[in-house]
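> coords below, sequence missing:
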């Protein structure tokens with residue numbers, strides 16, 4: 001299968017691209033390297049340094065003619081979206097429409113979109129957690145609004161028969177290749193600071209929760225989404241709430257750090273509590289998470305130690 005991975009030099013996209021290459025697909029990667037790294041792109045994949053918002057990207061899609069586009073390129077920072085919603089809209093929404101139009105024009109069969117379950121639902125009542133896909137989208141940030149808009153555009157293109165569309169609503173993803181400049185990269189931020197003896201900061205009182213998923217489990221969902229049901233939206237996640245303080249302590253343990261973190265004011269646009277019910281993905285895609293949180297943290301710590309040794 002010919003697959004184009006946008007954002008394939010980034011944390012999640014590069015892991016997905018690696019898996020597609022491993023599975024024997026003909027893979028191309030498009031990334032403007034704003035938050036990605038050229039060395040993360042698989043050697044066997046064709047690479048083009050390009051922005052998905054441009055006409056040049058559409059020309060690249062027309063030349064490669066992918067059967068599937070796996071769209072991970074994005075502005076990923078909630079704080080940036082609050083400070084500069086025009087930038088967020090241009091990259092995320094305009095970029096998505098450009099991807100969909102280029103895909104439709106090139107005869108691409110399916111677009112798989114990396115959406116956000118952590119931002120789209122807003123602040124569900126505690127008695128509704130973990131939340132499933134029937135809960136209404138009530139995003140608190142421009143980033144969350146943009147992700148929902150992207151889903152709607154994808155479903156609109158699908159309803160017109162231009163292509164098939166699948167959105168995967170990610171929770172907070174962590175693991176190898178995540179960098180501290182990633183918005184949801186609290187694991188990498190904590191571990192880098194811990195390795196260098198720097199203090200770690202929690203924004204809020206430490207009770208804010210997220211549903212954390214190891215990147216390998218996200219990769220398996222993308223593999224399954226290449227085929228199967230079309231024009232669907234799926235949550236991914238364990239359905240388990242893990243607080244910021246729990247995450248900090250889990251990250252600190254492999255490095256033998258027992259000191260408490262520092263605390264700072266809560267940041268605007270951030271959800272206080274979220275966990276995702278992935279029953280639909282389990283039923284329809286045959287997907288379920290395999291790497292428990294604690295094992296994922298151990299694997300991440302090994303990766304960051306090895307990265308520090310190479311530096």
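Okay, I see it. Everything numeric here is computed off the predicted structure, so don't read it as measured data.

> Check residue 180 and give its pLDDT.
Here the pLDDT value assigned to residue 180 is 75.

> That one touches residue 192, doesn't it?
Yes - the pair residue 180 / residue 192 is scored as a contact, 5.1 Å apart, by CB atoms under 8 Å. Heads up, the C-betas are built off the backbone N, CA and C, glycines and all.

> Looking at the two, which is more packed in?
residue 192 (18 against 13; other CB atoms under 10 Å).

> Residue 103: neighbour count?
A count of nearby residues for residue 103, using other CB under 10 Å, gives 27.

> typed the wrong thing, it's residue 134
8.

> Assign a three-state SS to it, would you?
With DSSP: H, G, I helix; E, B strand; the rest coil as the basis, residue 134 sits in coil.

> Dihedrals phi and psi, it?
Dihedral angles of residue 134 (phi, psi; degrees, to the nearest 10) stand at phi -80, psi -10.

> what's the answer for residue 132, then?
According to degrees, to the nearest 10, residue 132 has phi -100, psi -180.

> contacting residues for it?
235, 276, 277, 279, 280 (CB atoms under 8 Å, 6 or more residues apart in numbering).

> Which of these has the largest number of neighbours?
Highest count within those by other CB under 10 Å belongs to residue 276, 30 neighbours.

> so what pLDDT did that residue get?
In this model, residue 276 carries a pLDDT of 98.

> Backbone dihedrals for the nearest residue to it once chain neighbours are set aside, both of them.
Nearest non-adjacent residue to residue 276, counting by CB to CB, 6 or more residues apart in numbering: residue 237, 3.5 Å away. Dihedral pair for residue 237: phi 150, psi 170, per degrees, to the nearest 10.

> list the buried ones in stretch 227-244?
Within stretch 227-244, the residues scored as buried using 16 or more other CB atoms under 10 Å are 232-244.

> What of stretch 265-280?
269, 270, 271, 273, 274, 275, 276, 277, 278, 280.

> In helices only, show me those.
Counting by DSSP state H, these place residue 280 in helices.

> which one among the buried residues of stretch 265-280 gets closest to residue 197?
Closest approach between those and residue 197, by CB to CB: residue 270, at 27.2 Å.

> Who are the contact partners of the closest one?
78, 140, 141, 203, 204, 208.

> can you map out the helices along this structure?
11-22, 55-64, 78-83, 85-88, 95-106, 117-120, 142-159, 186-195, 215-225, 244-252, 279-280, 293-310.

> Out of those, which is closest to residue 169?
helix 117-120 (3.4 Å).

> counting contacts, what elements does the closest one pack onto?
Counting contacts by 3 or more CB pairs under 8 Å, 6 or more residues apart in numbering; DSSP states H and E, helix 117-120 packs against helix 142-159, strand 164-170.

> Any idea how far it is from the middle of the chain?
11 Å (CA atoms, centre = their mean, to the nearest Å).

> What average pLDDT does it get?
94.

> what comes up buried for that helix?
For helix 117-120, by 16+ other CB under 10 Å, it's 117, 118, 119, 120.

> can you tell me which residues contact the last one?
With contact taken as CB under 8 Å, 6+ apart, residue 120 is in contact with 137, 139, 144, 147, 148, 151, 169.

> quick one: the residue nearest to residue 293 when sequence neighbours are not counted and residue 276, what's the gap?
Nearest residue to residue 293 in three dimensions, chain neighbours excluded: residue 212, at 5.7 Å (CB to CB, 6+ apart). Distance, residue 212 to residue 276, using CB to CB, to the nearest Å: 11 Å.

> same question, residue 104
Distance, residue 104 to residue 276, using CB to CB: 30 Å.

> now residue 32
29 Å.

> give the contact list for residue 153.
Per CB under 8 Å, 6+ apart, neighbours of residue 153: 93, 96, 97, 100.

> burial measure for residue 102, as a count.
Residue 102: 22 surrounding residues under other CB under 10 Å.

> quick revisit: when you compare pLDDT across the contacts of residue 270, which one is lowest?
Where pLDDT dips furthest among these: residue 78, at 90.

> give the contact list for that one.
Contacts of residue 78 (CB under 8 Å, 6+ apart): 119, 141, 143, 144, 183, 267, 269, 270.

> Export the residues you listed to TSV and append columns for distance to residue 43.
Shown next, in TSV, are these (distance: CB to CB, whole Å):
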residue	distance to residue 43
119	33
141	37
143	32
144	36
183	28
267	39
269	38
270	38
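
> Just give me the closest of those to residue 291.
residue 183 (21.6 Å).

> Could you check the pLDDT of that closest one?
Value for residue 183, per-residue pLDDT: 51.

> Any stretches of the stretch 101-250 of the chain with poor pLDDT?
Counting by pLDDT under 70, the ranges of the stretch 101-250 of the chain that qualify are 181-184.

> follow-up on the earlier one: can you redo the contacts of residue 270 as TSV with distance to residue 252?
Output for these, formatted as TSV (distance: CB to CB, whole Å):
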residue	distance to residue 252
78	24
140	29
141	28
203	17
204	18
208	17
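
> No further questions, thank you.
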